[in-house]
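Trainee: show me the folded form of this:
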Amino acid sequence: MDAQAIASLFTRGDGSYLCARWGRPIVPVVFGCDDATLAVMKGAIEAVVRLAGHSMAETDPELGANLMIFFFRDWEELVEVRDLDRLVPDLMPLCARLSAEGANQYRLFRFDQAGAIRAAFVFLRVDAHLAEVPAEVLALAQAVQIILLWSDTAFRAHPPLVRDEGRTILRPDIAGVIRAAYDPVMPPVARDASHALRLAARL
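Mentor: Next up, the predicted model:
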């Protein structure tokens, strides 16, 4: 993967470049799934965090948990979650919009003063399509998409996961970008496309 291809992963639809990684250990919590799915979700997150060379923790001193994953059947259910509207701005109109669009997933990030990721919220509406996706595939896809702030068009043409000998795995080139972005000498947030050249040099 060359610098141009890497830049496309972080160049948003409006043409701006933005890459951000987590600035603190990740503390996940999962709502609305059974114990088996919970174990798969946390296992996938741990695997991607290890790949990045980042860390996890038992608790976040500010938020308690800073990665919240919700499984549900209808967007209206989120409006009833206690205190969620304090964490997610404009929750009610957001849910109304996503419901009207027929969306089955949505990710929301919050950032610290330096611009690094401080929290992420993952909303998964289990419709007929998501219900058919194996738990391990869904878990790995979500873990990959929250480990960095990818652009809104990053995986539109080519998803981050591929099939290999009957298994679903993370694309090696995407794995390389994740490792490079978490290199200690790289900045936690970058808004200039020259950042992609530095990532390419580390692949």
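Trainee: only C-alpha atoms for contact and neighbour calcs from this point on.
Mentor: Noted.
Trainee: got the phi and psi for Phe31?
Mentor: Backbone torsions for Phe31, taken as degrees, to the nearest 10, come to phi -120, psi 140.
Trainee: burial check on the closest residue to it other than its chain neighbours, number of neighbours?
Mentor: Spatial nearest neighbour of Phe31, excluding adjacent residues (Cα to Cα, 6 or more residues apart in numbering): Phe70 at 4.9 Å. Neighbourhood size, Phe70 [other Cα atoms under 10 Å]: 16.
Trainee: confidence score at Gly15?
Mentor: In the predicted model, Gly15 carries a pLDDT score of 93.
Trainee: what of Asp83?
Mentor: pLDDT recorded at Asp83 is 89.
Trainee: neighbours of it, how many?
Mentor: Asp83: 9 surrounding residues under other Cα under 10 Å.
Trainee: same question, Asp34
Mentor: Neighbour count of Asp34, defined by other Cα under 10 Å: 9.
Trainee: ok, the residue nearest to Phe31 touching Val126?
Mentor: No. Counting by Cα atoms under 8 Å, Phe70 stays clear of Val126, with 10.0 Å between them.
Trainee: rewinding a little: what kind of secondary structure is the residue nearest to Phe31 in?
Mentor: strand (DSSP: H, G, I helix; E, B strand; the rest coil).
Trainee: beta partners for it?
Mentor: Under DSSP bridges, the beta-bridge partners of Phe70 are Phe31, Phe123.
Trainee: what distance do you get for it to Ala193?
Mentor: Distance of Phe70 to Ala193, given as Cα to Cα, to the nearest Å: 33 Å.
Trainee: is it true that Thr59 touches Arg24?
Mentor: No. Look at Thr59 against Arg24 with Cα under 8 Å: they stay out of range, at 10.9 Å.
Trainee: between those two, which is the more surrounded one?
Mentor: Set side by side, Thr59 and Arg24 show more neighbours around Arg24, with 17 against 14, by other Cα under 10 Å.
Trainee: identify the residues contacting the residue nearest in space to the middle of the chain.
Mentor: Central residue of the chain (Cα atoms, centre = their mean): Ile146, 1.6 Å from the mean position. Taking Cα atoms under 8 Å, 6 or more residues apart in numbering as the contact definition, Ile146 lies against Arg107, Ala120.
Trainee: what pLDDT, on average, does the lengthiest helix in the chain get?
Mentor: The longest helix of the chain (DSSP state H) is helix 35-52. Averaged over helix 35-52, pLDDT sits at 96.
Trainee: now what about that helix, what contacts it?
Mentor: Contact partners of helix 35-52, identified using Cα under 8 Å, 6+ apart, comprise 28, 30, 55-56, 135-136, 139-140, 143-144, 147, 175, 178-182.
Trainee: hmm, 7 Å instead?
Mentor: Applying Cα atoms under 7 Å, 6 or more residues apart in numbering, the contact partners of helix 35-52 are Val30, Ser55, Ala135, Glu136, Ala139, Leu140, Ala143, Val144, Ile178, Arg179, Tyr182.
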